[in-house]
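[1] Generate a structure from the sequence data that follows.
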Amino acid sequence: MWRDLLPVGRAGGPGAGYRRYAWTGADRELRVWFAGEARARGLAHEVDRNGNQWAWLGDPAAGDAVVTGSHLDSVPDGGAFDGPLGVVSAFAALDALRARGALAPGHRPLGVVAFADEEGARFGVACVGSRLSCGLLAPERARALTDADGVNLADAMERAGHDPGVIGPDPERLARIGAFVELHIEQGRALVDLGRPLGVASAIWPHGRWRFDFHGEANHAGTTRIEDRRDPMLTYAHTVLAARKRARLAGALATFGRVTVDPGAVNAVPSLVTGWLDSRAPDAGTLDDLVAGIEATATERGGRDGVRVAVTRESHTEGVTFAANLRDRAAALLGGAPALPTGAGHDAGILSGTVPAAMLYVRNPTGVSHAPAEHADEGDCLAGVSALADVLEGLLCR
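    Here you go, the predicted model:
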């Protein structure tokens with residue numbers, strides 16, 4: 001399975017990252033792959049109203065189903081493991097359960113899921129498929145989301161053969177799920193430092209994305225005196241540095257990971273700089289104070305630079321504490337695996353407000369994620385499959 005997935009959406013030769021964006025050609029290839037793996041195992045395959053893919057062993061209508069999986073899309077030039085490891089491991093864990101003879105008659109329905117557009121790389125909002133299903137993203141807002149080329153989500157879905165008119169909350173489907181377990185590569189170095197191959201998630205920090213628009217005045221780079229300039233790039237640069245300092249002092253995280261410049265000429269003072277802030281913190285109060293402080297710094301500096309600053313919150317996710325019974329059960333099955341909080345968002349975190357959810361982490365020896373150097377050793381991946389199978393086996397018995 002891993003070898004089949006490796007070439008899909010790769011942005012260059014070996015060692016390059018991936019561009020597996022929602023509702024693109026790469027996404028279509030991934031969907032075909034998922035459906036093929038489902039059919040090869042005799043599973044019932046379906047695509048729900050929000051574009052999430054499901055593969056079922058047993059009848060999900062019976063309720064109290066156990067579901068595992070993750071996502072298949074990537075960030076720009078992302079690594080191979082973030083998302084796909086959880087989907088491949090889900091199918092592999094099902095194979096392991098069958099090989100063990102652990103699927104006794106009358107077991108709870110078992111589902112494998114690949115959620116749509118988890119990374120939000122194309123349309124700017126993360127976890128679109130799971131947010132829509134849980135009623136955390138309004139359908140009308142989702143349909144209006146646009147990519148860098150001005151294509152909106154509704155048109156992209158329609159071109160890919162999916163009806164955007166049916167997207168929205170899916171409470172009946174979620175009500176059938178009794179437990180959701182997501183396996184994921186660790187996006188950090190905690191397990192490396194602890195010398196442990198596997199861990200479980202304890203919590204997800206609250207986090208969000210904010211767009212900062214710095215409005216200045218375009219002018220000639222070679223003739224406009226320094227004192228006559230209204231240069232939004234200066235305000236933006238000052239804001240980036242201030243965000244880093246404020247986050248460090250707060251024990252939080254703040255990253256300007258994307259920026260656009262208009263008109264974008266080397267020999268012109270920009271008229272507009274737009275930067276997107278990703279910020280995460282251990283608790284909601286710290287996050288609110290951090291973002292408010294960054295905005296205040298930007299506005300104050302903009303006043304000195306003759307630049308108007310406008311800030312728009314594009315997405316926000318509340319903090320998550322995973323179900324203690326599932327977390328502790330998984331940790332015990334993994335031999336007392338460490339419980340780790342994370343600043344990374346996941347579909348499991350979105351579902352946790354509606355469905356009992358847990359996460360397993362596989363060690364990442366590089367500690368790098370959202371980049372080509374992201375990695376997990378084969379032995380740790382196989383240990384993850386075995387651990388996931390153990391957790392699923394314990395849940396499947398009614």
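
[2] Which residues are in contact with residue 186?
    Residues in contact with residue 186, defined by CB atoms under 8 Å, 6 or more residues apart in numbering, are 199, 340, 361, 362, 363, 364, 369. Every C-beta, even on glycine, is put in place using the N, C-alpha and C of the backbone.

[3] ok, of those, which one's closest to residue 180?
    Set against residue 180, the nearest of these by CB to CB is residue 361 (15.5 Å).

[4] isn't the closest one right up against residue 182?
    No: counting by CB atoms under 8 Å, residue 182 is not a contact partner of residue 361; they are 9.8 Å apart.

[5] Averaged pLDDT, the longest helix seen in the chain. What do you get?
    Identified as the longest helix of the chain according to DSSP state H is helix 284-305. What helix 284-305 shows for mean pLDDT is 98.

[6] Extract the residue ranges of this structure that are flagged as low pLDDT.
    398 (pLDDT under 70).

[7] Residue 379 belongs to a strand, doesn't it?
    No: under DSSP: H, G, I helix; E, B strand; the rest coil, residue 379 sits outside any strand and is assigned helix.

[8] Find the nearest non-adjacent residue to it, please.
    residue 197 (7.5 Å; CB to CB, 6 or more residues apart in numbering).

[9] Can you give me the neighbour number for that neighbour?
    22 (other CB atoms under 10 Å).

[10] just residue 70 next, same as before
    Neighbour count for residue 70, taken as other CB under 10 Å: 26.

[11] Can you name the residues bridging to it?
    residue 114 (DSSP bridges).

[12] For residue 341, what is the enclosing helix or strand?
    strand 339-342 (DSSP states H and E).

[13] Show residues contacting that strand.
    Residues outside strand 339-342 that contact it (CB under 8 Å, 6+ apart): 186-188, 190-191, 199-205, 282, 327, 331, 361.

[14] Same question for that strand: list its buried residues.
    339, 340, 342 (16 or more other CB atoms under 10 Å).

[15] partners of it in the sheet?
    Partners of strand 339-342 in its sheet, by DSSP bridges: strand 198-204 (parallel).

[16] moving C-terminal of the partner strand, what's the next helix or strand?
    Past strand 198-204, the next helix or strand by DSSP H and E is strand 207-215.

[17] in that next one, what counts as buried?
    Quick answer for strand 207-215 (16+ other CB under 10 Å): 207, 208, 209, 210, 212, 213, 214, 215.

[18] Name the pair among these with the greatest separation in space.
    Across the buried residues of strand 207-215, the longest distance by CB to CB is 26.6 Å; it joins 207 and 215.

[19] re the thing from before, now what about the longest helix of the chain, what contacts it?
    205-208, 210, 212, 214, 216, 230-232, 234-235, 238-239, 242-243, 246-247, 250-252, 254, 277, 279-281, 307-309, 311, 318-319.

[20] same check, this time on stretch 163-173
    Applying CB under 8 Å, 6+ apart, the external contacts of stretch 163-173 come out as 48-51, 60, 132-135, 139, 142-143, 153-155, 157-158.

[21] So which of those residues belong to strands?
    Counting by DSSP state E, none of the members of the contacts of stretch 163-173 fall within strands.

[22] Buried members of those into ChimeraX, please.
    Only the buried entries of the contacts of stretch 163-173 go into this ChimeraX selection, using 16+ other CB under 10 Å:
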select :48,49,50,51,60,132,133,134,139,142,143,153,154,157
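
[23] picking up where we left off before, which ones among the contacts of residue 186 are found in strands?
    199, 340, 361, 362.

[24] number of nearby residues for the closest residue to the last one other than its chain neighbours?
    Going back to what we said before, that points to residue 362. With sequence-adjacent residues excluded and distances taken as CB to CB, 6+ apart, residue 362 is closest to residue 384, at 4.2 Å. Burial measure for residue 384: 26 neighbouring residues, criterion other CB under 10 Å.
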